[in-house]
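Trainee: sequence plus predicted model, see below.
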Amino acid sequence: MPSATTHDPPVLYLLPGLLCDRAVWAPVIARLGSTVQCRIPDYSAERSLPAMAERVLARAPERFAVAGHSMGARVALEILRLAPARVTRVALLDTGYAARSGGDAGETERAQRLALLALARERGMRAMGEAWMRPMVHPARLTDAALVETILAMIERQSPERFAGQIEALLDRPDATDLMRTVRVPALVACGREDAWSPPAQHEAMAAAIPASHLAIFNDCGHMAPMEQPDAVAQALAAWLVAGPSDPSEAPSRASGPAVPHGAVTPQTNPVHFVP
């Protein structure tokens, strides 16, 4: 297990989601600067979320912060399940917590994921990415050539075999409902307001379940929040990285009133937040 000196900036593991790599977090890392050591793990060919978590833990220092996006947030929850004493704080972005549904709903999800895998094997990862990406980003950003190309290039760096392994991991995902109630470190739960895959209501439920949680919604943003709104994501992470115990009476109320600027964060706070 690597060690860190007392003079080093804190270590923050940024966990990528399905078919993502360092590129999904790169805009946020650039904005966080040198106050934190950002590390991006590679899940290699692991085919379960617990195995991905174990891979991260094997390379992480004794104590570290962790932020996960999408599938990466599921991995962060498994890290908390396996080694809660090693995690100093946790951020869960654009994600979920429930196991795959039973019955028709679960079979529909399985069929949809396997259809994308078949497309990747038949026509290539980029062609699959073009279909997969459309509901993932804010509709207005589909004409952003630079963003679209960055996402497609990231997907194209993956292989159908790795895609198959990550699909298997997500279809067999553990339920984290009870786990969330045990979290006792500063927690950030956040998503894009227009995230159709992991909508705000789902994150509101997560924030309500996690005692030490703060909920942030990124405006004008779909599922790929770190790439779509890196300024807002970095702002939320920077505040979370320095947050300590706070008085619940000082918690801001749920947002209402006039619209906020493009890309800004709308804070929505659990009645008890940042409680160790």
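Mentor: Structure's in. What do you need?

Trainee: check the spacing between the residue positioned nearest the centre of the chain and Ala187 real quick.
Mentor: Using C-alpha atoms, centre = their mean, the residue of the chain that lies closest to the mean C-alpha position is His69, 1.6 Å off. For His69, the distance to Ala187 equals 15 Å [C-beta to C-beta, to the nearest Å]. From N, CA and C alone the C-beta is placed, and that goes for glycine too.

Trainee: these two touch, right, Arg74 and Arg173?
Mentor: Yes - between Arg74 and Arg173 there is a contact under C-beta atoms under 8 Å: 5.9 Å.

Trainee: residues in contact with Gln229?
Mentor: When contacts are counted by C-beta atoms under 8 Å, 6 or more residues apart in numbering, Gln229 is found next to 192, 218-221, 263.

Trainee: out of those residues, which are inside strands?
Mentor: In this view, these that belong to strands under DSSP state E are 192, 218.

Trainee: that older thread, have a look at Arg74 and Arg173 and say which one is more surrounded.
Mentor: More neighbours sit around Arg74 than around the other of Arg74 and Arg173, counting by other C-beta atoms under 10 Å; the figures are 24 against 20.

Trainee: the nearest residue to the more buried one once chain neighbours are set aside: how many residues sit nearby?
Mentor: Distances taken as C-beta to C-beta, 6 or more residues apart in numbering place Leu49 nearest to Arg74, at 5.2 Å, with adjacent residues excluded. Under the neighbour criterion other C-beta under 10 Å, Leu49 is assigned a count of 25.

Trainee: would you mind measuring from Leu49 to Gln235?
Mentor: Note on Leu49: its distance to Gln235, by C-beta to C-beta, is 28 Å.

Trainee: check Gly68 too.
Mentor: When C-beta to C-beta is applied, the distance between Gly68 and Gln235 equals 18 Å.

Trainee: and for Glu107?
Mentor: Using C-beta to C-beta, one obtains 40 Å as the distance from Glu107 to Gln235.

Trainee: between these two, who's got more neighbours?
Mentor: Neighbours of Glu107 and Gln235, each counted by other C-beta under 10 Å, are more numerous for Gln235; the result is 19 against 12.

Trainee: the more buried one and Cys20, how far apart?
Mentor: In this structure, Gln235 and Cys20 are 21 Å apart, going by C-beta to C-beta.

Trainee: in the protein, which helix is the longest?
Mentor: Scanning the chain for the longest helix, with DSSP state H as the assignment, gives helix 103-123.

Trainee: which parts of that helix are buried?
Mentor: Within helix 103-123, the residues that qualify as buried by neighbour count (16 or more other C-beta atoms under 10 Å) are 113, 116-117, 119-120.
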